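Chemist: sharing a model that was predicted from the sequence below.
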Amino acid sequence: MAYYRLYFLNGGGHIEEFREFEAVTDAAAITQADEWRSAGAMELWSGRRKVRSWQALGVSPEAIARSRLRAVRAFI
């Protein structure tokens, strides 16, 4: 198992929040990150290695906030 961090970025490219998790492979980690997809930009890292990045979906900040709130509620 490898350790991963999924960073959720704000419009300025700064980290707003992150999730830590373990996965067997990069592909499994990407699949998990896709399930937590928000409207904002995201980056998936394993240690010092960037595994993948997702661009923002080009929606309003309010929609991004609602999307992240849904993702947090699903996680709990």
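Modeler: Here it is on my side, so go on.
Chemist: just for the chain, where's the confidence low?
Modeler: Applying pLDDT under 70 to the chain picks out residues 59-61, 63-64, 75-76.
Chemist: apply 90 and report the result again.
Modeler: The chain contains residues with pLDDT under 90 at 10-13, 38-40, 56-76.
Chemist: who are the packing partners of the longest helix along the chain?
Modeler: Longest helix in the chain, counting residues (DSSP state H): helix 61-75. Helices and strands touching helix 61-75, as assessed by 3 or more Cβ pairs under 8 Å, 6 or more residues apart in numbering; DSSP states H and E, comprise strand 15-23. For the C-beta atoms, the positions are set from N, CA and C on the backbone; glycine is no exception.
Chemist: again, 10 Å this time
Modeler: strand 2-9, strand 15-23, helix 26-35 (3 or more Cβ pairs under 10 Å, 6 or more residues apart in numbering; DSSP states H and E).
Chemist: can I get those in TSV with mean neighbour count and distance to Val51?
Modeler: Listed next are the helices and strands packed on helix 61-75 as TSV, based on neighbours: other Cβ atoms under 10 Å; distance: least, Cβ to Cβ, whole Å:
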stretch	mean neighbour count	distance to Val51
strand 2-9	19	7
strand 15-23	14	10
helix 26-35	15	5
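Chemist: select, out of the ones you listed, the one closest to Gly58.
Modeler: In terms of Cβ to Cβ, the element of those nearest to Gly58 is strand 2-9, at 13.9 Å.
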